[in-house]
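Peer 1: Sequence and predicted structure are below.
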Amino acid sequence: MGSLNLVLASTEDYRRKAEKKLPRFLFDYLDGGSYQERTLAANCADFEALQFKQRVLYDVSKVSSATTLFGDDLAMPAAMAPIGMAGMMAQRGELQAKRAADALGIPFTLSTVSICSLEEVAKVSDKPFWFQLYMLKDRGAVVDMLQRARAVNVDTLIFTVDLAVLGARYRDVRNGMSGGLNRWAQFRSTTLSFMGHPSWAWHVGIKGKPHTFGNLKAYVPDASTPTDFQAWIAEQVDPSVTWKDIEWLRHQWDGNLIIKGVLSPEDAVAAVNAGADGISVSNHGGRQLDSVSSAIAMLPRVVDAVGDRCEVLLDSGVRSGADVLKARALGAKAVLIGRPWVYAAAAGGEAGITSLLNTFKSELQVAMALTGVTHTDQVDARILDRR
Ligand code: FNR
């Protein structure tokens, strides 16, 4: 995309604009994957490799992308994935995202490590939203956050389980995001980065304050910067968690429970046995273990194993409305849209997210019409060309 483009259209357009607007270390944090980034690449390449079977001369004068999930109506089979620190990419980014999700009619998921707190997001509207949580060593904090979530109209908990240990991203290491820079080097690199991105520095760096992790402030009273909070999170990641802890969690939470980060049929069965209402087939957007299979490649086996016992969702690699349809064709009830909404937030704020979501929706409807289906319930593997 050259700088002459007047209107941003695709996820890639928003990605490139975000790359220009964000300080390098933030763009890399958002865009990067772990180690050689093989799984990150495979997530998208495997979607691209799937082809539709075009069908013609069906009556497609009325096409609906709507669906239901956990009894709720959704404008399309998608929700917005939890993304940590979205409030560093756009001014109070989580609030802008919640507004865009509400306007389109899909759920917004707030990350544990968001800049805006549960309580701040709840003030956007009366519409319920989803909250994502990790198992922290401090189980008191876990229980407290569940209570806070319940109190502010969260109806669905996404519990992320693929972070037993932290994967490393070489881009973050190079940028000093994972430590390795002394205080002076950090200050110098941050200052240079801000000076090179004055619009971000003003709108987010200054007007977007405070840059604390809103949900965690109460448990880490001395922390004042994202780096302080990240250090706390790194200490709090609990590698000893097992499915027994998920059973415990099930007793603490009476809303919908989605286990996110399942990438095998065996773990999918374990999640359902532990009481999950849904799972998200995911490799954390290629940010944890590199060289695992893509989410879309694993989806059919997971659907075979548990598709009739819980809602199967998918995230990692969804970049367009066509990808939403491909995931649905292979048995996902819905997808989580991850990086694309944050690229759009960084590039164009709430209007950017709204525009991107509308593009997803219309692209999904066009793909449905030209594969000969008019309702998401009719979508199955027959719309794919499976030579
Ligand atoms: C994430 N993801 C994530 N997941 C989660 O459960 N809690 C979190 O706080 C975060 N934070 C986060 C930050 C950033 C910058 C990224 C890119 C991702 C993972 C996210 O929910 C989702 O699984 C992936 O983004 C899906 O991959 P794609 O489609 O974005 O490539």
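Peer 2: Looks like it arrived, so ask away.

Peer 1: Okay, Ser178 and the ligand: tell me how far apart.
Peer 2: To the ligand, Ser178 is 14 Å away according to CB to the nearest ligand atom, to the nearest Å. C-betas here are computed from N, CA, C, even on glycine.

Peer 1: same question but for Leu336, I mixed them up
Peer 2: Between Leu336 and the ligand the computed distance is 6 Å (CB to the nearest ligand atom).

Peer 1: Let me know the secondary structure of that residue.
Peer 2: strand (DSSP: H, G, I helix; E, B strand; the rest coil).

Peer 1: all numbers from here: first residue = 750
Peer 2: I'll keep to 750 as the first residue from here, and by that count the last item is Leu1085.

Peer 1: residues near it, how many?
Peer 2: Leu1085 has 29 neighbours, counted by other CB atoms under 10 Å.

Peer 1: Run a quick check on it versus Val1061, I expect a contact.
Peer 2: No - between Leu1085 and Val1061 there is no contact under CB atoms under 8 Å: 11.9 Å.

Peer 1: Can you tell me which residues in the stretch 900-1049 of the chain are near the ligand?
Peer 2: Applying CB under 6 Å from any ligand atom, we find that the stretch 900-1049 of the chain lies next to the ligand at 909, 1009, 1031, 1033-1034, 1036.

Peer 1: can you rerun that using 5 Å?
Peer 2: 909, 1031, 1033-1034 (CB under 5 Å from any ligand atom).

Peer 1: Compare the residues you listed and tell me which has the most neighbours.
Peer 2: Ser1031 (28 neighbours).

Peer 1: residue contacts, that residue?
Peer 2: 911, 1009-1012, 1044, 1063-1065, 1085 (CB atoms under 8 Å, 6 or more residues apart in numbering).

Peer 1: hmm, back to that, save the residues of the stretch 900-1049 of the chain next to the ligand as TSV, and put in secondary structure, distance to Pro856 and pLDDT too.
Peer 2: Listed next are those as TSV, based on DSSP: H, G, I helix; E, B strand; the rest coil; distance: CB to CB, whole Å; pLDDT from 0 to 100:
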residue	secondary structure	distance to Pro856	pLDDT
Thr909	strand	16	98
Ser1031	coil	16	98
His1033	coil	19	98
Gly1034	coil	18	98
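
Peer 1: Could you give the average pLDDT over the helix or strand Arg1077 falls within?
Peer 2: Here Arg1077, judged by DSSP states H and E, is contained in helix 1070-1078. The pLDDT scores in helix 1070-1078 average 98.

Peer 1: Can you list the buried residues in it?
Peer 2: Within helix 1070-1078, the residues that qualify as buried are 1070-1078, counting by 16 or more other CB atoms under 10 Å.

Peer 1: And the residues of the stretch 900-1049 of the chain next to the ligand, which is closest to the ligand?
Peer 2: Set against the ligand, the nearest of those by CB to the nearest ligand atom is Gly1034 (2.5 Å).

Peer 1: could you list every residue that touches that closest one?
Peer 2: 782, 789, 792, 1064-1066, 1087-1088.

Peer 1: pLDDT on stretch 822-832, on average?
Peer 2: pLDDT averaged over stretch 822-832 gives 98.

Peer 1: for stretch 997-1007, that is, sorry about that
Peer 2: On average, stretch 997-1007 scores 98.

Peer 1: measure that stretch end to end?
Peer 2: 14 Å (CA to CA, to the nearest Å).

Peer 1: cool, stretch 805-822 as well?
Peer 2: Stretch 805-822: ends 29 Å apart by CA to CA.

Peer 1: mind listing what's buried in that stretch?
Peer 2: 809, 812, 814, 816, 818-819.

Peer 1: Also stretch 822-834?
Peer 2: Buried, per 16+ other CB under 10 Å, within stretch 822-834: 823-834.

Peer 1: ok, and of those, which contact the ligand?
Peer 2: Okay, of the buried residues of stretch 822-834 touching the ligand (CB under 5 Å from any ligand atom), that's 830-833.

Peer 1: can you tell me which of the buried residues of stretch 822-834 are in strands?
Peer 2: 823, 827-829 (DSSP state E).

Peer 1: List just the nearest of these to Val873.
Peer 2: Proximity of these to Val873 (CB to CB) peaks at Met829, which lies at 13.0 Å.

Peer 1: Farthest-apart pair in the buried residues of stretch 805-822, please.
Peer 2: Val809 and Phe819 (28.5 Å).

Peer 1: Select from the contacts of Gly1034 the one having the most neighbours.
Peer 2: Of the contacts of Gly1034, with other CB under 10 Å as the count, Ser1065 tops at 32 neighbours.

Peer 1: from memory it sits against Val1041, does it?
Peer 2: No - contact status for Ser1065 versus Val1041: not in contact, 9.9 Å apart, counting by CB under 8 Å.

Peer 1: Can you check which residues contact both of those two?
Peer 2: Common neighbours of Ser1065 and Val1041 (CB under 8 Å, 6+ apart) are Asn1032.

Peer 1: List the buried residues of the helix ranked longest in the chain.
Peer 2: Looking across the chain with DSSP state H, the single longest helix is helix 1088-1118. For helix 1088-1118, the neighbour count (16+ other CB under 10 Å) marks 1088-1099, 1101-1106, 1108-1110, 1112-1114, 1116-1118 as buried.

Peer 1: now, which of those residues lie close to the ligand?
Peer 2: Applying CB under 5 Å from any ligand atom to those, those adjacent to the ligand are Arg1088.
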